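Trainee: The following comprises the amino acid sequence and a computationally predicted model.
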Amino acid sequence: MSSLPAGWYKDPADTTTQRYWDGEGWIGKAIPADAVPPDGPPPVEEPPPATLVGAPAEAPVETPSWMPPPQQQAPPGWGPMPPPPPGWQPPPGWQPPPGWQPPPGWQQPPAWQQIGAYPYPVEARPHGFALAGLGPRLVARLFDIAAVLLLNVVGNGWFAYQWWQEFLPLYRDTMNTMANGGSAFATQSAAFSRMDGLLLAMLIVATLLWLLYEAPATAGSGQTLGKRIMRIKVVALENTEPLGFGRAFGRWARLGLWTPAWSCYGIGLVLQFIDSLSPVFDQQLRQAYHDKTARTVVIALPPHSRQPADISATQDQNEGRR
């Protein structure tokens with residue numbers, strides 16, 4: 001069974017269209033690849049009209065599964081089946097007959113993934129949207145960092161001023177001691193402990209400001225200021241509904257709660273850098289560690305649309321044109 005979550009993906013049988021993958025097989029009708037699909041699976045198709053009473057029923061076409069046993073002559077005219085036409089793909093749910101083996105010399109094409117019982121080239125499109133690129137995600141994060149820094153100018157201004165008032169006399173004493181031939185480590189003062197306390201307070205305030213900036217925005221719209229500018233959005237793996245504050249907080253906490261640990265020789269900063277770099281190593285969904293924790297994914301929004309279109313209305317319009 002495939003680990004690829006249910007969603008809209010390019011139809012391997014026709015890359016100009018896309019179909020819905022329910023985790024086990026392809027269902028519903030295919031739609032154009034550039035169309036925005038609905039949120040969730042396609043609507044259930046109406047059953048075909050019932051056969052009239054008394055009408056001759058068509059005999060089911062049976063696929064011959066007979067294979068000549070070993071060391072036995074094949075019947076006259078029997079031969080191997082011709083190869084399928086170019087681009088042909090087996091229908092959804094198809095299984096090879098018992099004992100079937102691929103022809104000699106056949107190799108699985110590279111960069112294909114095994115989905116179900118046969119290989120399919122798959123490009124992940126959660127809910128029909130393309131995954132956000134690493135470049136736009138990086139630029140969006142830089143915008144968000146700049147916005148949080150501006151908030152810290154106001155929120156941490158007093159602590160920063162107090163820290164500077166402690167640092168400046170200590171710096172002057174150290175420089176005077178070194179000028180008189182002393183050691184830079186000879187100047188010890190209680191100012192160090194006060195500076196450490198102020199630095200920890202600034203990191204805690206910065207963490208709270210980051211939380212108030214990112215978590216509510218992600219919970220409601222899936223977009224911070226940077227993500228709005230770059231037209232990318234955080235959505236859940238199972239649907240496109242708002243995440244809610246609890247889930248948005250869990251996503252942020254995996255990354256943001258390491259900020260106070262910056263005071264521990266920069267350990268928190270290193271862990272945040274590793275988390276931010278982790279989407280590079282996820283070739284399937286480009287999830288960072290904090291995305292995997294919250295079961296979210298970052299998608300790229302279409303140029304002129306924000307919400308999925310109604311697929312049933314699109315099909316009715318196409319049928320009307322015919």
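Mentor: Nice, thanks for sending it over.
Trainee: if I look at residue 7, how far off is residue 224?
Mentor: In this view, residue 7 and residue 224 are 24 Å apart by Cβ to Cβ, to the nearest Å. Placement of C-beta: from N, CA and C, glycine included.
Trainee: which stretches of the stretch 101-250 of the chain have low pLDDT?
Mentor: Screening the stretch 101-250 of the chain residue by residue with the criterion pLDDT under 70, one finds the ranges 105, 107-123, 182-192.
Trainee: who are the neighbours in contact with the nearest residue to residue 203 once chain neighbours are set aside?
Mentor: Spatial nearest neighbour of residue 203, chain neighbours left out: residue 260 (4.7 Å); criterion: Cβ to Cβ, 6 or more residues apart in numbering. Contacts for residue 260 (Cβ atoms under 8 Å, 6 or more residues apart in numbering) come out as 200, 203, 204, 207, 268.
Trainee: any idea which helix or strand comes after the helix or strand where the first one lies?
Mentor: In other words, residue 200. Element membership for residue 200 (DSSP states H and E) is helix 191-220. For helix 191-220, the following helix or strand on the C-terminal side (DSSP H and E) is helix 225-230.
Trainee: Could you export the helix or strand following that following helix as CSV, CA atoms only?
Mentor: Following helix 225-230 in sequence order, the next helix or strand is strand 232-236 (DSSP H and E). C-alpha atoms of strand 232-236 as CSV (Å, rounded to 0.1, in the frame of the first residue of the first chain):
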residue,chain,number,x,y,z
ILE,A,232,2.0,30.2,-0.2
LYS,A,233,-0.1,28.6,2.5
VAL,A,234,0.0,26.0,5.3
VAL,A,235,-2.8,23.4,5.0
ALA,A,236,-3.5,20.1,6.7
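Trainee: So what touches the following helix or strand past strand 232-236?
Mentor: As assigned by DSSP H and E, the chain's next helix or strand after strand 232-236 is helix 245-256. Helix 245-256 is contacted from outside by 207, 210-211, 214-216, 218-219, 234, 236, 243, 272, 275-276, 288-291, 293-294, 296, using Cβ under 8 Å, 6+ apart.
Trainee: between helix 245-256 and strand 232-236, how many degrees?
Mentor: 120 degrees (axes from the mean of the first three to the mean of the last three Cα atoms, to 10 degrees).
Trainee: Only alpha carbons, please: show helix 245-256 as PDB.
Mentor: Extracted in PDB, the C-alpha atoms of helix 245-256 (Å, rounded to 0.1, in the frame of the first residue of the first chain):
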ATOM      1  CA  PHE A 245      -5.000  27.500  17.200                       C
ATOM      2  CA  GLY A 246      -4.000  24.200  18.900                       C
ATOM      3  CA  ARG A 247      -2.600  22.600  15.700                       C
ATOM      4  CA  ALA A 248      -1.000  25.900  14.700                       C
ATOM      5  CA  PHE A 249       0.600  26.200  18.100                       C
ATOM      6  CA  GLY A 250       2.000  22.600  17.900                       C
ATOM      7  CA  ARG A 251       3.500  23.400  14.500                       C
ATOM      8  CA  TRP A 252       5.100  26.600  15.700                       C
ATOM      9  CA  ALA A 253       6.300  25.100  19.000                       C
ATOM     10  CA  ARG A 254       8.500  22.500  17.300                       C
ATOM     11  CA  LEU A 255      10.500  25.500  15.900                       C
ATOM     12  CA  GLY A 256       9.900  28.500  18.100                       C
END
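Trainee: by how many degrees do it and helix 191-220 diverge?
Mentor: Using the same axes, to 10 degrees, the direction of helix 245-256 lies 140 degrees away from that of helix 191-220.
Trainee: Neighbours of residue 244, how many?
Mentor: For residue 244, the tally of surrounding residues (other Cβ atoms under 10 Å) stands at 13.
Trainee: which residues sit in contact with the nearest residue to it once chain neighbours are set aside?
Mentor: Once flanking residues are discounted, residue 244 sits nearest to residue 219: 5.5 Å by Cβ to Cβ, 6+ apart. Residues near residue 219 by Cβ under 8 Å, 6+ apart: 242, 243, 244, 245, 247, 248, 249.
Trainee: The first one - how many residues pack around it?
Mentor: Residues contacting residue 242 under the criterion other Cβ under 10 Å number 15.
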